[in-house]
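In: Generate a structure from the sequence data that follows.
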Amino acid sequence: MKLWASSERRLYDPRIDDRLKQLFDAVVSDWPFPLWELQINRDGGYRTAERQKAIFDTGASKTLQSKHMKGQAIDITLYWAGTEKAIWDRYSYAMVAGYIRFIADSLGIPVIWGADWNDNYIIKEEENWEIDFVHWELKEWNNN
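Out: Presented below is the predicted three-dimensional model:
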């Protein structure tokens, strides 16, 4: 699987933490889901404070203090392979989350998936699940 040029720009932005670059490089290079592609969504990389406020104001973010503003978060979107048709199925994202978590653990990169903020492997179900199921951020050990 190959990232689209727009996803590459978002992932390799110099403001994105190198650990996230390493993680998603590994995820993409050994992608085991031939029917799907993973991409970094439009606002899924670095965000300015102004952009974060605009996203917050629409309700698409729950915070003004996003780790996106520090380059410590990535949001993904899944697509059907070879198309620009996005997949919006929580079970597909949960399956991919297991894979991303496996790769992160094997690389020693501490991450938290937005659908498991407690980091207890229990997926939270919410009405607007799309916000959290796409989100990955670095876990700082002092924030356990």
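In: going forward, measure contacts between C-alpha atoms and count neighbours the same way
Out: Will do.
In: Let me know the distance separating the nearest residue to residue 136 once chain neighbours are set aside from residue 9.
Out: Distance criterion C-alpha to C-alpha, 6 or more residues apart in numbering; nearest residue to residue 136, sequence neighbours excluded, is residue 113 at 4.8 Å. Separation of residue 113 from residue 9 (C-alpha to C-alpha, to the nearest Å): 22 Å.
In: what do you get for residue 28?
Out: Distance from residue 28 to residue 9, by C-alpha to C-alpha: 15 Å.
In: Those two: which is more packed in?
Out: Set residue 28 next to residue 9 and count neighbours by other C-alpha atoms under 10 Å: residue 28 wins out with 16 against 13.
In: Check which residues of the top helix by length along the chain are buried.
Out: Longest among the helix segments of the chain by residue count, using DSSP state H, is helix 90-107. The neighbour-count check on helix 90-107 (16 or more other C-alpha atoms under 10 Å) flags 93, 94, 96, 97, 99, 100, 101, 103, 104 as buried.
In: what sits up against it?
Out: Residues outside helix 90-107 that contact it (C-alpha atoms under 8 Å, 6 or more residues apart in numbering) are 23, 26, 27, 78, 110, 111, 113, 129, 130, 133, 134.
In: what about it, distance to the chain center?
Out: The gap between where helix 90-107 is centred and where its chain is centred comes out at 10 Å by C-alpha atoms, centre = their mean, to the nearest Å.
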